[in-house]
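Chemist: what would the 3D arrangement of this be:
(4 chains)
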Protein chains: 2
Amino acid sequence: MSPLDRSLIANLAIFSPLSPAEQDEVIHEARSVRYPKGAAVFEQDTEATSFFVLLHGSLQVVKLTPSGQQVVVRYVSPGELFGIAVQMGRASYPASALAVVDSVALVWPSSAWPTLLARAPGLAGAALHTVGSRLADAHTRVVEMSTEEVERRVAHALLRLVKQSGRKVETGIQIDFPISRQDVAEMTGTTLHTVSRILSAWEDQGLVEGGRQRIVVRDPHRLFMLAERK
Amino acid sequence: MSPLDRSLIANLAIFSPLSPAEQDEVIHEARSVRYPKGAAVFEQDTEATSFFVLLHGSLQVVKLTPSGQQVVVRYVSPGELFGIAVQMGRASYPASALAVVDSVALVWPSSAWPTLLARAPGLAGAALHTVGSRLADAHTRVVEMSTEEVERRVAHALLRLVKQSGRKVETGIQIDFPISRQDVAEMTGTTLHTVSRILSAWEDQGLVEGGRQRIVVRDPHRLFMLAERK
DNA sequence: ACCGCTCTTTGTCGCACTGCAAACAGATTC
DNA sequence: GAATCTGTTTGCAGTGCGACAAAGAGCGGT
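Modeler: This is a model prediction of the structure:
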């Protein structure tokens, strides 16, 4: 394992409030791990031994129900802190995190948290912000699922993905990792079939452009209108 | 305003890790406010000037959608920390909190947070735990709404209410505050009508006992079976 | 360049649930 | 105790979406 440099984390929102010396302290406890596409960073209901910051790639966080159904909780983008179950008072991870493309993360042992906090007290606040915005997202989703019909939920999900991981391409904005209709279905609480139908209809209207595990939004504004119109 | 004593907070999970001296410091910044039934503790989208701990009563946290629909996010029980929007990095409250019975809360100005943290660093961790368990709840709800049909969602909602605010009565366990079918509908993402039908059916089977703004669960175990059976 | 796998598309059918409507009942007010 | 208000029950008709089925298409492996 090569020694890590603080430049890796200096620009991340979570660590930028820290002084260079503090950043050195923090990075010193970490190691960098590569996860090939498809690999699990951690798995649901296993002991939460580590917490992480994603450096490169994208992760899908999925929750499996007792009856075997799967729900996509969210996608993790580079720079995000994740896997902080222990810090929230849990012994095990509440979901699994899978690499949807080759990815790299910084890994700290959960036991390092108190030490880090002592050295950099601002971290607690940063973690609280992180969890707070996830809570807001989760509530938004609850509200959407309670009040909106499927088509609008899919529109919102797509817009969120574009915002979080959109990459400009010739014909519009593409979601920057492989994502299947099944995945979108599991994000919006519907079926693969319904998602496929909706995307096909949108494609006919020139709103989006589909492909195998690929979605390009050609007209984000019109999609937004569709998502919000009452 | 009468001076507050640390005995008010000594037994609350959030403050119990603090030393008596720290508890004195914390309580010193607070004031106690009474909210009559129906009053708002704070309102959605207003500036988050305060945070709170509930001492007595029950609050309903509701979110209003742009199209005017309402969703019940959760109920707050005595001892809980709430209204910590600022600490999560928000300027305004993301929802409204209404007293469903006469209630009393401790109120701190948001600006007191840094001072409190300096005096009692354990508070940050406590807040993180609080938000963490809310996040877990929200995710549970997302999963339920994605994968379960209405009847099962209502069963789960009732079980959660009973667990959080159940009071033993002669014929079973009663939810300890007035709650209408409409409220249950807004918790489970369905309509008042469907909830009424479901509860009526359950009443015929001797599972629950209804009444105006009143629900008594007569047989929690059978309700649990109904909620979990695949 | 072929084969086989996974992902996607499209059609048909049925039903759980919603939306509308109207009557009913327990609480509250004067 | 009558009047009124708010919350609850119940019936019925309509439908959005899920369940099932089967064919088509892009991609990776040998």
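Chemist: distance of A:Pro3 from A:Pro36?
Modeler: According to C-beta to C-beta, to the nearest Å, A:Pro3 stands 23 Å off from A:Pro36. In short, each C-beta sits where N, CA and C put it, glycine included.
Chemist: looking at those two now, which is surrounded by more residues?
Modeler: Taking other C-beta atoms under 10 Å in any protein chain shown, A:Pro3 and A:Pro36 do not tie; A:Pro36 has more neighbours (10 against 7).
Chemist: quick one: the more buried one and A:Val100 touch, right?
Modeler: No: between A:Pro36 and A:Val100 there is no contact under C-beta atoms under 8 Å: 11.0 Å.
Chemist: what parts of chain A come near chain B?
Modeler: A:63, A:65-67, A:69, A:71, A:73, A:85, A:87-90, A:94-95, A:121, A:124-125, A:127-129, A:131-136, A:138-139, A:141-143, A:145-147, A:186, A:188-189, A:228, A:230 (C-beta under 8 Å from any C-beta of the partner chain).
Chemist: which parts of whichever strand or helix holds A:Gln60 are buried?
Modeler: Using DSSP states H and E, A:Gln60 sits within strand A:59-64. By 16 or more other C-beta atoms under 10 Å in any protein chain shown, the buried positions in strand A:59-64 come out as A:Leu59, A:Gln60, A:Val61, A:Val62, A:Lys63.
Chemist: pretty sure the fourth one is touching A:Gln69, no?
Modeler: Spelled out, that is A:Val62. No: taking C-beta under 8 Å as the definition, A:Val62 is not a contact partner of A:Gln69, at 10.5 Å.
Chemist: among the residues of chain A next to chain B, which are in strands?
Modeler: Residues of the residues of chain A next to chain B located in strands (DSSP state E): A:Lys63, A:Val71, A:Val73.
Chemist: pLDDT score assigned to A:Ser2?
Modeler: According to the prediction, A:Ser2 has pLDDT 55.
Chemist: A:Ser110 too?
Modeler: 96.
Chemist: residues near the closest residue to it other than its chain neighbours, how many?
Modeler: Counting by C-beta to C-beta, 6 or more residues apart in numbering or on different chains, the nearest residue to A:Ser110 once its immediate chain neighbours are dropped is A:Val86, at 4.3 Å. Applying other C-beta under 10 Å, we find 20 residues neighbouring A:Val86.
Chemist: for A:Val86, what are its contacts?
Modeler: By C-beta atoms under 8 Å, 6 or more residues apart in numbering or on different chains, the residues touching A:Val86 are A:Ala48, A:Phe51, A:Ser110, A:Trp113.
Chemist: next, the second one: secondary structure please.
Modeler: In the three-state summary, A:Phe51 is assigned as strand, counting by DSSP: H, G, I helix; E, B strand; the rest coil.
Chemist: list the beta-bridge partners for it.
Modeler: Legend: beta-bridge partners of A:Phe51 under DSSP bridges are A:Trp108.
Chemist: give the contact list for it.
Modeler: A:Leu81, A:Phe82, A:Gly83, A:Ile84, A:Ala85, A:Val86, A:Gln87, A:Val107, A:Trp108, A:Ser110, A:Trp113.
Chemist: per-residue pLDDT of it, please?
Modeler: Listed pLDDT for A:Phe51 reads 97.
Chemist: that one and B:Ala99: what is the separation?
Modeler: Remark: distance between A:Phe51 and B:Ala99 (C-beta to C-beta) = 38 Å.
Chemist: and if you look at A:Arg152?
Modeler: 33 Å.
Chemist: which one of the two is surrounded by more residues?
Modeler: B:Ala99 (23 against 17).
Chemist: can you give me phi and psi for that one?
Modeler: Backbone torsions of B:Ala99, given as degrees, to the nearest 10, read phi -80, psi 120.
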